[in-house]
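Trainee: Mind folding the following:
(2 chains)
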Amino acid sequence: MSTPRNWSTTGTDTGPFDIVGDRVLVGVQVVNISRLSTHPIPMISQGLVTVAGQGPKDSNGAGKSSLIAAISLLHADEQWRLASGAAGAAELLFTAELAAQEGRWSNVDWGYVIGVFTDPHATTTDELSASALTVWLRINRKASHVHLRWKDGLYVPYGTTESERAAGVDELWDALPNSNGRTDFHANRLASVLYGSHVRCVSFLSTSVRSSPATNLLAQPLNDLDPRRIFDAIATLTGLDRELEQEQALRSAEYTHRTNVRDAEADLDRWEEEMAVVEAGITKRNEARHLLGNAQACWQARCARHLVDGITRDEEIRGELDALEVHARELRSRLDTMEGELSELTNDEEFHRQFREAEERWKDLSGRDQQLDTDHQVTTGTLEGLAATHRELSEKARAADGRSVAQAQEEEATARAALEQALTDKGAAEAAEQQARARLTAAESGEDVAADELDVLRGEGVPSAALLDVIQLSPDQRRSWEPRLVPYRGAVVVPRSHADQARQKLAGRSGTILVVADPPPTHAPAARADLPASADSRFDLTTFLTVLAERAGDEPADIDIAAGVIVLDEFSEPLTGRAARIAAARAEHREKADLLADAEKLVGTTRFTLSRAAERTNAATAGEEARKTEQKMAELRAANQEREDRRAKLKPLLEAAYSTYTEALGAVRARDERIKNLRGNKSLLDEELNGNETNKTALTDERLALDLHGREENWGDSPQAAQRFLLSLDAEQQARTTAAWNEEACHQVNEVVRRCFPESTPPDEMPAEIRELLIEQRWRRGDLNIRINLVPALIRSLRTHLTQTEQHDLYQQQQIATQRTQRAGDLQAAREGLTEAEQTSQAHRASLAQGIKAKLKKVSDEFDRLDQKYGGYGAGLDYPEPEPPSEPDRPWRWSVTPKWRRDEGKRMSGYNLRGNTAQMDEKAVKLVCAAALAGGGSRPLLLVLDELGRNLGKQHRRDAVALFEQIGTDRNITVIGALQDDMERYAIEASGLYIKLRRHSDSMPYNEAPVIVGDEPNHARVELLHEWLASYRPSGDIAVDDSDEDVA
Amino acid sequence: MTNVHPVFEPILAELSEQHRDEVLAAFAAVEYGAAPVPEVQMLALRDTTLRRSLQRLLHRVGRTLVAVGNAAWTSGYRDDIAADLTAAGWNALPVIDRAVLVLVLIHSVAIPRSQGILSGDTWTSAQPTPAEELFRYAQPGKGDVRAALQRLRAAGLVQLAPTRGPGSVGGTAYLPGPQLNRLTPLARRTLQQELILAAAPSSPLAAAIRARRAHFRGEQ
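Mentor: This next block holds a predicted model:
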């Protein structure tokens, strides 16, 4: 049997729809889900399936909750938040850490939940195979979390061991075709693809795998839910939500219409507002067009008036100009006459020449006279100076003592020669006196004999002395000895021991005589009486003297007979000894000094004589000069006299010339005065003429400024026409001046401007020409003078503007009219649509309300029946019909209030009255069942309950379990419940299928094979299903399966 | 739904489980999606009742639903909030970015619209603005314009035009970005009016706009 692919016709989604249909779940197999083993688990389709666990300690940890959660996911329980991707499904995956196996196993990234659905009535393997549909859900840890694929027939993982089944599963999945074209259906389409619009599962999941506390009659204590939620839940179960959604869709349509109407209205309003502005603008422009005509007329009248005024004024000016012209001509003729006179006066050359000649002559004579006078004066001054000089020189000449110049000069030369001689004599005397004085000084100081040599020897430490100083002569001895000693006057005595030394020292001093002395005798010498004694004990001259004495003759003059030397004697002074020598020097000096005094006296006399001779020479010279001066003075006096004479002759001539000159000058002055007068008159006339000219220019300018041509152009016709036009106006207008017309025209134009462009219009919105006129040329702020010039241009540009806009305005008005009709039509249509939609919506709502109420009535009846059948006293539902929503986009809220009798025959009381929780759960179960029965009809329903009987007391547990079993059996409902240990004994009795999940130790990552036991009526079917499920091998694999040893 | 901000609670509490999911999914889609969300994809956009709830959710955070075309939705700032934010100086683009964006809008939207190629009041367009066009008249340096374009792209205000296929101009070109879909009708209208006022201040359209604005100011 092939699966019919049902295609949705109602929703917007297209594709597979309700592929499971009436089939029921007959087996489930999971891979990598929590710690569950991969064994196939058969399922029964009615009644109670209990899932128990046997963990390492108690029932906990065996994976009961995971299994029932997987089954609820397979049945597309809304609690999984399928619309948003069922992210909670990932929590079902095997997680090593939760299984305390993180050391050995890693987390899985995906797992599979595989459900096998068949026809509930199939009883044989073939029938099962033929009707089977295998649905694969792949759960991913990462989004998208749930992928759906399916395949007709049985298609499950197979193998003899856990690992075999787990190993092959990915290949099997890959072999399945993609469910949704290139991809798979995801969680959001899970429910509709598998089950269409039917609800197949109501679940209450607890513990960790429960994704959230969801709105579900079984998920919460009943009295925690408000009536609206209860209605939602019942609506979901009964399929009413689809109806409601349709109603909502209708309301959406209604809302859309309403939005359209509102939009159309708003649009129309806005458009009307905008158009009001536009229309106002058009109206104003129309007014402006009318006013522009007025303005134009005003301007015309003003131009006419202006022209006529101009013509009048022009004529006046012309008259004035003529008068001025006549006056000017007269002035000019007077001026000509005056200029003739003036030129005559200024052009008389002869007169000027005469005047110049007289002037030159007078100036010449006068100059000569003055020259003579000046020379006379100068000569007189010179004469005075010469007279003074002459007096001085005559005074000097008196000292000449009558000598002539030549005599005086001769005497002077003689006196000078005498003086020269006297001076020479005096110089010689002085030299002699000085020599004598030097000798005296030397003798007195003892350094008159060999002074230099003695100094040298003494410096060397050689004992020495002058010979004459050493020898002492007694008066007796003088006569004989003095001549003997004369040759040795310059000798120097040195001791014999030092003779060589002295000779060396005195080398180079030629002529020096050294006398060698013996050393002094050690004992008293036996001195010879005739020998002179030695004055110095250091020197003993006995040897020298003895030799001298021996050589001498008898006569004292013969001092050396052998040699024949004679010395003239008779020395007045003793030769030897210092005193004698000093006395001699002094006498000599005195003699020389006397000679010097005589010479000096002679010099003084001679000098006096010379000076007197010089004076006489000078005086003689002065006398000579005085004579010469006298002669010159006489010459000068003669010259002066001559000049005097000449001046006297010149005087009459000079006087005549002066009078001539004075006369001529007077004539010139008179003439100048006259010229000046004439010139003054002329300039006066000139000024007058200029004034005249200025007036004329002013008038001409005014005439030009009248711009009659321009005015005529402005007027546009002949002046006569203007005149006629003005006359045609009424009296008041005729009387108007140009200024008044200006005022009027400006006013009119301004009115037009204001209508076209109100004051607030920003400049950049105006046409450039008008902006130029209004803003740049200052129409708006300018005064009348500025404005009046702008009027014609403004009128022209305004007319252009208005003409241009006229077309546009017309077009716009038509458009506005058209649009108004159209928009009104649109609005009307929208309103009609809205009314229709409202009516449709209302009608549908009314019928739907009926339907809902009928359905709720059914639920209520079913609820009552179930309650009464299974130990209640009767129950029902309150379901007041809600008001239709005020706005289409507001929800239409229904509410349901369950109620039941608390005792036989009592009034029904509301669910939210405080009651015992067991009763609450029981009623909830009954309500769910009732709703499912009322709504689903033929479709099987799966009720998944975790922690079955959690809140129930002992008695209640038994009752509850029994209730589920009974309802399930009776009503095509499969109840899957997870059991606590202590519930097990009630459960085994009541359940149609008992599944026990097993795991011995926490160290095992996965469960062992579950124990699956069917009760008496179901036992055979369970066995059949079990074998059938395990028997699957892909086609081609024909290995006989006989080793299913791990299935209990 | 475990961590819903308390501000949303009152609205979400009224909804059924499924509807709550739908509304939140649509909320996320319109708020974070780069492009407008077609309403066929989201029940909460398709259905007016849920859309109303969504609108209320958005309203609470200063946002509003914006219809794009006939069947797509996105979200944007509410007009009053936008006005407040703008007045407070938030989110202002640098001048150069604004200038470049305006250039792109003029080339891609304003000119085509005046030519009749584009209709409606959308500010997105398929008419690309070549990058040369942006650089050619750029008074600031090209580098500045490039940087501005990068920022605008990052902000989703412009996007690169496809380099192949119909409408490509060869070379780099830009289109108005998807974020412009988030403009509310009022914002779109304001933008258009501003552009008209800038481009043709003396046109009758501009006059009407000014008159209307003056009118509204007068009313307030």
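Trainee: confidence score at A:Leu217?
Mentor: pLDDT, A:Leu217: 68.
Trainee: residue contacts, A:Thr38?
Mentor: A:Thr38 makes contact with A:29-31, A:157, A:162, A:165-166, A:169, A:1006, according to Cβ atoms under 8 Å, 6 or more residues apart in numbering or on different chains. C-beta: built from backbone N, CA, C; applies to glycine.
Trainee: Among these, which are located in helices?
Mentor: In helices, judged by DSSP state H, the following of the contacts of A:Thr38 are found: A:162, A:165-166, A:169.
Trainee: Name the nearest of those residues relative to chain B.
Mentor: A:Val169 (30.5 Å; Cβ to the nearest Cβ).
Trainee: hang on, isn't the closest one packed against A:Tyr112?
Mentor: Yes: assessed by Cβ atoms under 8 Å, A:Val169 is found in contact with A:Tyr112 at 5.7 Å.
Trainee: Tell me the residues of chain B that contact chain A?
Mentor: Contact residues, chain B versus chain A (Cβ under 8 Å from any Cβ of the partner chain): B:1-2, B:14, B:16-18, B:21-22, B:24-25, B:40, B:43, B:46-49, B:51-52, B:201-202, B:204, B:206-208, B:210-212, B:214-215.
Trainee: Just confirm B:Pro140 is within a helix.
Mentor: No: under DSSP: H, G, I helix; E, B strand; the rest coil, B:Pro140 falls outside any helix and is assigned coil.
Trainee: Tell me the spatial nearest neighbour of it, not counting adjacent residues.
Mentor: Of all residues not flanking B:Pro140 in the chain, B:Ile96 sits nearest, at 5.7 Å (Cβ to Cβ, 6 or more residues apart in numbering or on different chains).
Trainee: same check, this time on A:Val116
Mentor: A:Gly27 (4.2 Å).
Trainee: Check A:Ser252 too.
Mentor: B:Thr48 (4.1 Å).
Trainee: what does A:Arg138 give?
Mentor: Going by Cβ to Cβ, 6+ apart, A:Arg138 has A:His147 as its nearest residue, at 4.3 Å.
Trainee: Make sure that neighbour is actually in contact with A:Asp184.
Mentor: Yes: in this structure, A:His147 is within contact of A:Asp184 by Cβ under 8 Å, at 4.1 Å.
Trainee: Overlap in contacts, these two.
Mentor: Contacts common to A:His147 and A:Asp184, judged by Cβ under 8 Å, 6+ apart, are A:Arg138.
Trainee: okay, residue 21: pLDDT?
Mentor: No chain was given, so I picked chain A. Taking A:Gly21 on its own, its pLDDT is 85.
Trainee: I was thinking of chain B, sorry if that wasn't clear
Mentor: 80.
Trainee: tell me what the helix or strand where it lies is packed against?
Mentor: Assigned by DSSP states H and E, B:Asp21 belongs to helix B:17-32. On a contact count with 3 or more Cβ pairs under 8 Å, 6 or more residues apart in numbering or on different chains; DSSP states H and E, helix B:17-32 meets helix B:9-12, strand B:37-38, helix B:43-46, helix B:48-60, strand B:72-77.
Trainee: The same query, at a cut-off of 7 Å, please.
Mentor: helix B:43-46, helix B:48-60, strand B:72-77 (3 or more Cβ pairs under 7 Å, 6 or more residues apart in numbering or on different chains; DSSP states H and E).
Trainee: Comparing the ones you listed by mean pLDDT, which bottoms out?
Mentor: Least confident of the helices and strands packed on helix B:17-32, judged by mean pLDDT, is helix B:43-46 with a mean of 84.
Trainee: For the stretch 351-500 of chain A, which segments count as helices?
Mentor: Secondary structure of the stretch 351-500 of chain A by DSSP state H, counting those that start in this stretch: the helices cover A:405-445, A:451-460, A:467-470, A:475-485, A:499-505.
Trainee: what's the closest of those helices to A:Glu712?
Mentor: helix A:405-445 (127.1 Å; Cβ to Cβ).
Trainee: what about that closest one, distance to the chain center?
Mentor: Remark: helix A:405-445 is offset 114 Å from the chain centroid, using Cα atoms, centre = their mean, to the nearest Å.
Trainee: Check stretch A:30-47 too.
Mentor: 75 Å.
Trainee: Could you export that stretch as PDB, CA atoms only?
Mentor: Coordinates of each C-alpha in stretch A:30-47 appear next as PDB, following Å, rounded to 0.1, in the frame of the first residue of the first chain:
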ATOM      1  CA  VAL A  30      15.600   5.500  19.300                       C
ATOM      2  CA  VAL A  31      19.200   6.000  18.600                       C
ATOM      3  CA  ASN A  32      21.500   8.200  20.600                       C
ATOM      4  CA  ILE A  33      18.600   9.500  22.600                       C
ATOM      5  CA  SER A  34      19.500  10.000  26.300                       C
ATOM      6  CA  ARG A  35      20.700   6.600  27.600                       C
ATOM      7  CA  LEU A  36      18.100   4.600  25.900                       C
ATOM      8  CA  SER A  37      19.000   1.500  24.100                       C
ATOM      9  CA  THR A  38      18.400   1.100  20.400                       C
ATOM     10  CA  HIS A  39      16.000  -1.800  20.700                       C
ATOM     11  CA  PRO A  40      12.700  -1.500  18.900                       C
ATOM     12  CA  ILE A  41       9.800  -1.100  21.300                       C
ATOM     13  CA  PRO A  42       6.400  -2.300  20.200                       C
ATOM     14  CA  MET A  43       3.400  -0.200  21.000                       C
ATOM     15  CA  ILE A  44      -0.300  -0.900  21.400                       C
ATOM     16  CA  SER A  45      -2.800   1.500  20.000                       C
ATOM     17  CA  GLN A  46      -5.400   1.600  22.700                       C
ATOM     18  CA  GLY A  47      -5.400   1.600  26.400                       C
END
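Trainee: Report the buried residues of whichever strand or helix holds the residue nearest to A:Arg138.
Mentor: According to DSSP H and E, A:His147 maps onto strand A:146-152. The neighbour-count check on strand A:146-152 (16 or more other Cβ atoms under 10 Å in any protein chain shown) flags A:146-151 as buried.
Trainee: What segments of the stretch 101-250 of chain A are strands?
Mentor: Taking DSSP state E, counting those that start in this stretch, the strands of the stretch 101-250 of chain A run over residues A:110-118, A:133-140, A:146-152, A:185-186, A:201-204.
Trainee: Determine which of these approaches A:Val1011 most closely.
Mentor: For A:Val1011, the closest of the strands of the stretch 101-250 of chain A is strand A:110-118, at 20.0 Å, according to Cβ to Cβ.
Trainee: If you count contacts, what does that closest one end up packed against?
Mentor: Judged by 3+ Cβ pairs under 7 Å, 6+ apart, the packing partners of strand A:110-118 are strand A:24-31, helix A:64-74, strand A:133-140.
Trainee: which parts of it are buried?
Mentor: For strand A:110-118, burial by neighbour count (16+ other Cβ under 10 Å) applies to A:110-118.
Trainee: just to revisit the earlier point, intersection of neighbour lists for A:Val169 and A:Tyr112?
Mentor: Taking Cβ atoms under 7 Å, 6 or more residues apart in numbering or on different chains as the criterion, A:Val169 and A:Tyr112 both touch A:Val31.
Trainee: Enumerate every residue touching B:Val66.
Mentor: B:73-76, B:181-182, B:184.
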